[in-house]
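>>> predicted model, plus sequence, below.
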Amino acid sequence: MTTEVKKSGKGILLKLLLGILIVIILARIALPYIVLHYANQKLAKLDGHYGHIEDIDIALYRGAYVMKNIYIDKVTPDNERTNFFSCPRIDLSIEWEALLVKKIVGEVEFEKPILTYTLHKNIGKNTGKDSTDFIELVKDFVPLRINRFLVDGGQINYADVGSEPKVKIPLTEVHILGKGLSNEPEEKNPLPASIVMHGALYNGTTNINIHLDPLNKIPTFDMDGTLSRTDLIHLNSFFTAYGNFDLKRGNMSLYTEFAAKENHFKGYVKPIIKDLDIVQFERAEGNPLQITWEAFIGTTAEILQNQRKGNLATKIPIEGKFKQPEVQTLDAILSILKNAFIEALKPSIDHSVNIYTIQETKKKPILGIFRKKEN
């Protein structure tokens, strides 16, 4: 009797374990579809946007899942769509290296993403809000604080489809690495996180280095950047649309530093423009105002150039106060860069700007020198 009871008990236990195993297997099979359905529902309800993910793979052994072929479009009230973001692969996972220092945080890796900012197609016409909203969306898909992110082989486009001519400027071969984004500041290290970015712009290279306090609601960061030997001929659509002139030749290098703390920012932009040659219309063609304007631009550039070196150089200091007391750090960085343009004295960073040089100022930010021409 006792033996039969034992056999019966073992049989029940085996059936229970088998049932649990089957449930786990079925749940594992169903999980990607559940997550995919949840993600696509969220992307379909984005404010001013619509997105979709083709497929999701889940790797439980490393605490990760992979989104495949995701896209997000901007959508106007009359249902007009504009490309905003696409990526063939996004990997979201636990950062295992952080476990060594007893931190449970996440990391995100983007493979060949394309991000396009289209003028007047942003939420509230604000490129910074688009960026921060997108980052918040990524955070929704990662149940942990993001400590590291990587962008590999990306592209960032600026487009103005309403200008004449249309403008599209691509920053290609973009590589971005952000680390320590959950680190707390210390007395000896007030900026414990870093973001490094490299890219290519029309035969030129760009490098940006940012150190920041990622947990401070008020933007607190040091930033420096360089853009070397960009061929300006490829930017003629930009110069025509916003400055109403064309170039025959010229290349530009640019150097910049910015810092921000306690709701203030300070910095400079220095470009060096070499071998500048501006197209001038024949008098028999074009209108008199256009001829006069291009002659003025050409003459002014000639006067301002260092005749011995053939360089056009200047320096624009930019400082001010953020309009919102708790503006997002990425918003702050984008708004500063967006308002900056021509400056150059020597081909190097001054290393004269950091969070310790910030002082309260009542000066307003200086805007870029180019304006879109009226149609």
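Structure received.

>>> list the buried residues in stretch 262-277.
Buried residues in stretch 262-277, counted by 16 or more other Cβ atoms under 10 Å: 263-274, 276. To be clear about C-beta, it is placed using only N, CA and C from the backbone, and glycine gets the same treatment.

>>> surely Leu232 and Ile273 touch.
Yes - counting by Cβ atoms under 8 Å, Leu232 touches Ile273, with 7.3 Å between them.

>>> list residues touching both of these two?
Taking Cβ atoms under 8 Å, 6 or more residues apart in numbering as the contact rule, Leu232 and Ile273 both touch Gly250, Asn251, Met252.

>>> of the residues you listed, which is the most crowded?
When neighbours are taken as other Cβ atoms under 10 Å, the top entry among the shared contacts of Leu232 and Ile273 is Met252 (22 neighbours).

>>> and that residue, helix, strand or coil?
When classified by DSSP: H, G, I helix; E, B strand; the rest coil, Met252 comes out as strand.

>>> tell me the bridge partners for it.
Thr230, Ile273 (DSSP bridges).

>>> next structured bit after the strand or helix carrying Asn40?
Asn40 belongs to helix 2-44 when assigned by DSSP states H and E. Using DSSP H and E, the helix or strand that directly follows helix 2-44 along the chain is strand 49-59.

>>> pLDDT of that following strand, averaged?
Averaging pLDDT along strand 49-59 gives 89.

>>> if we can go back for a sec, and of the shared contacts of Leu232 and Ile273, the nearest to Lys103?
The shortest approach to Lys103 among those belongs to Met252, at 42.6 Å (Cβ to Cβ).

>>> in contact with the closest one: list those residues for me.
Per Cβ under 8 Å, 6+ apart, neighbours of Met252: Gly204, Leu227, Arg229, Thr230, Leu232, Pro271, Ile272, Ile273, Lys274.

>>> repeat that for Met197.
Contacts of Met197 by Cβ under 8 Å, 6+ apart are Val174, His175, Ile176, Thr206, Asn207, Ile208, Asn209, Ile210.

>>> quick one: it from Ile273, how far?
23 Å (Cβ to Cβ, to the nearest Å).

>>> where are the low-confidence patches of the stretch 51-200 of the chain?
121-137, 139 (pLDDT under 70).

>>> now the strands for it?
64-75, 81-94, 106-111, 114-118, 146-160, 167-179, 193-201 (DSSP state E, counting those that start in this stretch).

>>> helices or strands up against the fourth one?
Using 3 or more Cβ pairs under 8 Å, 6 or more residues apart in numbering; DSSP states H and E as the contact test, the elements touching strand 114-118 are strand 81-94, strand 146-160.

>>> okay, these in a markdown table with mean neighbour count and distance to Phe245 next?
Converted to a markdown table, those look like this (neighbours: other Cβ atoms under 10 Å; distance: least, Cβ to Cβ, whole Å):
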| stretch | mean neighbour count | distance to Phe245 |
| --- | --- | --- |
| strand 81-94 | 18 | 28 |
| strand 146-160 | 18 | 17 |
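
>>> how about JSON lines for these, with distance to Phe239 added?
Converted to JSON lines, the helices and strands packed on strand 114-118 look like this (distance: least, Cβ to Cβ, whole Å):
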{"stretch": "strand 81-94", "distance to Phe239": "24"}
{"stretch": "strand 146-160", "distance to Phe239": "13"}
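
>>> so which of those strands gets nearest Pro317?
strand 146-160 (24.4 Å).

>>> extract the C-alpha trace of the closest one and format it as CSV.
C-alpha atoms of strand 146-160 as CSV (Å, rounded to 0.1, in the frame of the first residue of the first chain):
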residue,chain,number,x,y,z
ILE,A,146,20.1,53.1,-18.8
ASN,A,147,23.8,53.3,-17.9
ARG,A,148,25.4,52.8,-21.3
PHE,A,149,24.3,53.3,-24.9
LEU,A,150,26.1,52.8,-28.2
VAL,A,151,25.3,54.0,-31.7
ASP,A,152,27.3,52.2,-34.4
GLY,A,153,27.3,53.3,-38.1
GLY,A,154,24.5,55.8,-37.7
GLN,A,155,23.4,58.8,-39.7
ILE,A,156,21.8,62.1,-38.6
ASN,A,157,20.1,64.3,-41.2
TYR,A,158,19.0,67.9,-41.1
ALA,A,159,16.3,68.7,-43.7
ASP,A,160,14.2,71.7,-44.7
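
>>> pull up the pairing partners for that strand, direction included.
Short version: by DSSP bridges, strand 146-160 pairs with strand 106-111 (parallel), strand 114-118 (parallel), strand 167-179 (antiparallel).

>>> can you give me the buried ones in the one helix or strand Met223 maps to?
Here Met223 sits within strand 221-231, counting by DSSP H and E. Residues Phe221, Asp222, Met223, Asp224, Gly225, Thr226, Leu227, Ser228, Thr230 are the ones in strand 221-231 that count as buried (16+ other Cβ under 10 Å).

>>> likewise stretch 109-122?
Glu109, Phe110, Glu111, Pro113, Ile114, Leu115, Thr116, Tyr117, Thr118, Lys121, Asn122.

>>> among these, which two are most distant?
Glu109 and Lys121 (27.3 Å).

>>> the strands of the stretch 51-200 of the chain into CSV, with extra columns for distance to Phe238?
Below are the strands of the stretch 51-200 of the chain laid out as CSV (distance: least, Cβ to Cβ, whole Å):
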stretch, distance to Phe238
strand 64-75, 22
strand 81-94, 19
strand 106-111, 27
strand 114-118, 14
strand 146-160, 9
strand 167-179, 5
strand 193-201, 12
